[in-house]
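Engineer: next comes the sequence, and after it the predicted model I'd like to discuss.
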Amino acid sequence: MKKIILLGYMGCGKSTIAQNLSKTTNIPFLDLDNCIEKKANLSIKEIFEQYGEIYFRKLEHEMFVELLQSSENSIIGLGGGTPCYANNHELLKRDDVISVYLKASIDTLYNRLVYNKSKRPLIANMDEEEMREFIAKHLFDRSFYYNHAKHKVSVDDKTVEETVQDILEILA
Ligand SMILES: Nc1ncnc2c1ncn2[C@@H]1O[C@H](COP(=O)(O)OP(=O)(O)OP(=O)(O)O)[C@@H](O)[C@H]1O
Ligand SMILES: O=C(O)C1=C[C@@H](O)[C@@H](O)[C@H](O)C1
Ligand SMILES: [Mg+2]
């Protein structure tokens, strides 16, 4: 069974695009962050605060493997850091996986995240200047892992519908 996996930096649109792609294709959508929250019965923010990031990364890896094991077709929106820990990037190459990196520029990410950071523990307490610096460096470090995706779609200056269309072309 095929898994369509969307990955990329926080705010690139994984959850939004995955939800819309699911409506268009009728393939069920699973958001990895939401699945972790449901299983732990805690928000991502609470898991970071109460147990720390390393524990979160362990839960994230376990949930990713669990979702890949299911026999259903599905669209999976990963967390922003998922490919960058626990060798998760190797899983993007599996034969039953269609992995798509939603590539966004620093400006796009900054503009989307600046007013919407409270639920994202890695940036929640940063001021605007700090946040731009952080995104630039972090994206540079993470690109190595994101580039293990089989496909890449640029999301800058595109509507949700345009990005969904780009992904449908990959799937065709
Ligand atoms: N063209 C667009 N495509 C996708 N998202 C957009 C677009 N324009 C604005 N947004 C907004 O960008 C924000 C970030 O999107 P979303 O939460 O889907 O990102 P994410 O990649 O799932 O982030 P995270 O890794 O933190 O879960 C949302 O508020 C969404 O509405
Ligand atoms: O980029 C990251 O490392 C994260 C992104 C979010 O999706 C969550 O998975 C969490 O806030 C960590
Ligand atoms: Mg998301």
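Structural biologist: Looks like it arrived, so ask away. Numbers count the residues shown, from 1 in each chain. Ligands and ions are numbered 1, 2, ... in the order given.
Engineer: near ligand 3, which residues of the protein?
Structural biologist: Selection of the chain residues close to ligand 3 by Cβ under 5 Å from the ion yields 14-15. From N, CA and C alone the C-beta is placed, and that goes for glycine too.
Engineer: burial of the residue of the chain found nearest ligand 3, as a residue count?
Structural biologist: Minimum separation of the chain from ligand 3 (Cβ to the ion) falls at S15, amounting to 3.3 Å. Burial measure for S15: 18 neighbouring residues, criterion other Cβ atoms under 10 Å.
Engineer: with K39 instead?
Structural biologist: Residues lying near K39 (other Cβ under 10 Å) number 12.
Engineer: wasn't F144 part of a helix?
Structural biologist: Yes - with DSSP: H, G, I helix; E, B strand; the rest coil as the criterion, F144 is part of a helix.
Engineer: for it, give its distance to S43.
Structural biologist: To S43, F144 is 29 Å away according to Cβ to Cβ, to the nearest Å.
Engineer: neighbour count: these two, which is higher?
Structural biologist: Per other Cβ under 10 Å, whichever of F144 and S43 has more neighbours is S43, with 14 against 11.
Engineer: show the pLDDT at that one.
Structural biologist: Per-residue pLDDT puts S43 at 95.
Engineer: then the one 5 residues further on?
Structural biologist: According to the model's per-residue confidence, F48 sits at a pLDDT of 95.
Engineer: wait, does the helix or strand harbouring it contact ligand 2?
Structural biologist: Secondary structure from DSSP states H and E places F48 in helix 44-51. Yes - Helix 44-51 comes into contact with ligand 2 (Cβ under 6 Å from any ligand atom), by way of I44.
Engineer: can you name the element that comes right after that helix?
Structural biologist: helix 53-69.
Engineer: got the contact list for that following helix?
Structural biologist: 3, 30, 32, 35-36, 39-40, 44, 47-48, 74, 76, 78-79, 81-82, 85-86, 88, 91, 94, 96-97 (Cβ atoms under 8 Å, 6 or more residues apart in numbering).
Engineer: ok, is the next helix or strand after that helix in contact with ligand 2 or not?
Structural biologist: Next helix or strand after helix 53-69 toward the C-terminus (DSSP H and E): strand 74-77. No - if you take Cβ under 6 Å from any ligand atom as the test, strand 74-77 misses ligand 2, and the best it gets is 8.7 Å.
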